[in-house]
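Q: dropping a prediction and its sequence here:
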Amino acid sequence: MHLDPILYATLLRLAIALALGSVIGIERQWRQRAAGLRTNTLVCLGAAAFVDLGSTLASPTSIVAYVVSGVGFLGAGAIIKEGGGIRGLNTAATLWCSAAVGACAGAGALITSVYVTALLMVINLAFRPLSRFIDRRSLKPDVNIIYRLTATCSDTHESEVRHTLLTALAERPVVLRALRTEDMEEDHEIRLRAEIESPTRDETLLEQILQRLRKDPTVSSVEFGEGTLDVE
């Protein structure tokens, strides 16, 4: 079957956008971020489809502008303000870059789209330990340590996991600053996110809390991050 050259180019661009978007999404899903595999793939594919459509119109530049604006609103929904801190900035930025990858693919700049994807993966993977190293080196004596702990479980076991977490925290010299529940993209799974404040860095204490959760058979995964909180 002979395909029209224009149709063939469109199918190729959309396929590459889907593949690259899934690569970005897999890394986000592995780290259990709010915008995971499906979200990043859809953003990348959608951007490619709109830009490809724009190439058939009189003003493709306006289509690209609308894509950027639309993804900006989508990214804003991923940003959450909690107390004096803000979460989700990296997720929003990744969605923005996913749209850029899709836009490049949709415009026919396939090599550029692959290159941008590679750079995005380097930033999200290689820069992560670097940023943590900088945080540790820049700690001042008048800051508290904030541990951000995430536990994933079935929605039918939320109360049990929450009780296990609260019990483990109550037995240790830490302060629970925030605890919230998020629905995941997967069916019937939720994510418990806790912010735990400690006056000192104590990896042993944190490991005890993590082990307590890992021993719970209803918890499918546990991860944590670290930050700082200025003491006023």
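A: Received it, and whenever you're ready, just let me know what you need. Residues are numbered from 1 along each chain as shown.
Q: now the element after the lengthiest helix in the chain, going C-ward?
A: Secondary structure of the chain read by DSSP state H shows that its longest helix is helix 110-137. Moving toward the C-terminus from helix 110-137, the first helix or strand encountered (DSSP states H and E) is strand 143-154.
Q: in that next one, what's buried?
A: For strand 143-154, the neighbour count (16 or more other Cβ atoms under 10 Å) marks 144-154 as buried. Quick note: C-beta positions are derived from backbone N, CA and C, even for glycine.
Q: show me which of these is closest to residue 167.
A: When those are compared for distance to residue 167 (Cβ to Cβ), residue 151 comes out closest, at 13.2 Å.
Q: and that closest one, what pLDDT?
A: Predicted confidence (pLDDT) at residue 151: the value is 88.
Q: any idea what it is bridged to?
A: Beta-bridge pairing of residue 151, defined through DSSP bridges, involves residue 192, residue 222.
Q: got the contact list for it?
A: Taking Cβ atoms under 8 Å, 6 or more residues apart in numbering as the definition of contact, the neighbours of residue 151 are 161, 165, 191-192, 194, 213, 219, 221-222.
Q: which of those sits closest to residue 51?
A: Sorting the contacts of residue 151 by how near they are to residue 51, with Cβ to Cβ, puts residue 191 at the top with 32.9 Å.
Q: how near is residue 198 to residue 167?
A: Residue 198 sits 17 Å away from residue 167, going by Cβ to Cβ, to the nearest Å.
Q: just residue 89 next, same as before
A: In this view, residue 89 and residue 167 are 32 Å apart by Cβ to Cβ.
Q: three-state assignment of the residue nearest the centre of the chain?
A: In the chain, the C-alpha closest to the average C-alpha coordinate belongs to residue 33, at a distance of 3.5 Å (Cα atoms, centre = their mean). The three-state assignment at residue 33 reads coil, by DSSP: H, G, I helix; E, B strand; the rest coil.
Q: nearest spatial neighbour of it, chain-adjacent residues omitted?
A: Nearest-residue entry for residue 33: residue 91, 5.3 Å, with adjacent residues in sequence omitted and distances by Cβ to Cβ, 6 or more residues apart in numbering.
Q: the one you found contacts residue 29, doesn't it?
A: No - taking contacts as Cβ atoms under 8 Å, residue 91 lies outside contact range of residue 29: 11.8 Å.
Q: break down this protein into its helices, ranges please.
A: Applying DSSP H to the chain gives helices spanning 5-30, 37-54, 60-76, 89-106, 110-137, 158-170, 203-214.
Q: could I have the last one exported to PDB, CA atoms only?
A: Included here for helix 203-214 are C-alpha records, laid out as PDB according to Å, rounded to 0.1, in the frame of the first residue of the first chain:
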ATOM      1  CA  GLU A 203      19.900   8.900  58.400                       C
ATOM      2  CA  THR A 204      19.500   6.100  60.900                       C
ATOM      3  CA  LEU A 205      16.300   7.500  62.300                       C
ATOM      4  CA  LEU A 206      14.900   8.000  58.800                       C
ATOM      5  CA  GLU A 207      15.900   4.400  57.800                       C
ATOM      6  CA  GLN A 208      14.000   3.100  60.800                       C
ATOM      7  CA  ILE A 209      10.800   4.900  59.600                       C
ATOM      8  CA  LEU A 210      11.400   3.600  56.000                       C
ATOM      9  CA  GLN A 211      11.900   0.000  57.200                       C
ATOM     10  CA  ARG A 212       8.700   0.200  59.300                       C
ATOM     11  CA  LEU A 213       6.800   1.000  56.200                       C
ATOM     12  CA  ARG A 214       8.600  -1.500  54.000                       C
END
